[in-house]
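# pasting the structure only:
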């Protein structure tokens with residue numbers, strides 16, 4: 001739902017609360033949906049994927065980075081969605097494991113979802129989920145094509161890199177391990193390259209970075225509260 005998210009955030013240049021976002025979607029119809037039912041469904045789905053709530057760390061930081069990294073918006077959106085949507089997360093491996101130019105097998109996506117949910121989805125619902133997640137990976141830039149989807153590489157931007165590192169940080173990881181997580185894998189770049197990109201993210205205020213030889217220290221005092229930093233230390 002990259003287009004809908006983009007339109008919604010563009011309609012509010014300042015940070016607002018979830019009720020304001022929901023009112024914009026349902027009452028003001030800033031997304032141009034044709035029916036009230038569709039507006040409510042869109043609001044529900046956007047809330048599930050992104051929270052639309054500044055008290056939620058993942059949304060607040062994504063919203064901040066969104067303003068300063070237009071090129072990285074598709075990656076910011078998919079990273080936030082992956083953190084919040086277990087179905088999308090279940091399909092990451094089949095997509096990210098593809099070689100550049102390799103065609104995505106619909107069956108691999110189906111099997112990944114089946115493994116995650118068992119028999120809880122009937123065939124019609126499963127087919128819809130497969131279409132939706134394939135579209136999500138296309139919007140993020142990892143796939144290209146309409147009916148047939150082929151793998152392509154994305155480009156890690158400074159603040160999308162900072163966001164991927166943040167997700168690992170919130171899980172309790174530190175140092176060089178932050179550059180070798182499932183989150184940074186989404187960026188299609190090796191750790192050495194991501195370290196260089198992270199240095200630019202530091203300049204933009206996306207993170208704290210100290211490096212000496214092979215030792216690297218990454219922090220997020222610029223975007224996290226003291227309580228959030230404390231909570232992340234107790235994750236592992």
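Ah, there it is. Predicted model, so just to flag it, every value in this text is computed and none were measured.

# Check the gap between residue 154 and residue 70 for me.
Distance, residue 154 to residue 70, by Cβ to Cβ, to the nearest Å: 15 Å. Heads up, the C-betas are built off the backbone N, CA and C, glycines and all.

# Which one of these two is surrounded by more residues?
Ranked by neighbour count (other Cβ atoms under 10 Å), residue 154 and residue 70 place residue 154 first, with 17 against 11.

# That one touches residue 75, doesn't it?
Yes: counting by Cβ atoms under 8 Å, residue 154 touches residue 75, with 6.2 Å between them.

# which strands and helices sit next to the helix or strand bottoming out on mean pLDDT in the chain?
In the chain, no helix or strand scores lower on mean pLDDT, DSSP states H and E than helix 226-233, which sits at a mean of 87. Other elements packing on helix 226-233 under the criterion 3 or more Cβ pairs under 8 Å, 6 or more residues apart in numbering; DSSP states H and E are helix 158-170.

# do that again at 10 Å, thanks
The helices and strands touching helix 226-233, judged by 3 or more Cβ pairs under 10 Å, 6 or more residues apart in numbering; DSSP states H and E, are helix 57-68, helix 158-170.

# Could you look up the SS state of the most centrally placed residue in the chain?
By Cα atoms, centre = their mean, the chain has its centre lying nearest to residue 79, at 1.7 Å. Using DSSP: H, G, I helix; E, B strand; the rest coil, the structure places residue 79 in helix.

# Could you measure from it over to residue 161?
Using Cβ to Cβ, one gets 10 Å for the distance from residue 79 to residue 161.

# Mind telling me what element the residue lying closest to residue 64 once chain neighbours are set aside is part of?
The shortest distance from residue 64 to any non-neighbouring residue, by Cβ to Cβ, 6 or more residues apart in numbering, is to residue 223 (6.4 Å). Assigned by DSSP states H and E, residue 223 falls within no helix or strand.

# circling back: please enumerate the shared neighbours of residue 79 and residue 161.
Taking Cβ atoms under 10 Å, 6 or more residues apart in numbering as the criterion, residue 79 and residue 161 both touch 72, 183-184, 187.

# Looking at those, which one is closest to residue 101?
residue 187 (18.8 Å; Cβ to Cβ).

# Kindly provide the distance from the spatially closest residue to the closest one that is not a sequence neighbour to residue 7.
Among residues not flanking residue 187 along the chain, residue 156 sits closest, at 3.9 Å (Cβ to Cβ, 6+ apart). As judged by Cβ to Cβ, residue 156 and residue 7 stand 25 Å apart.
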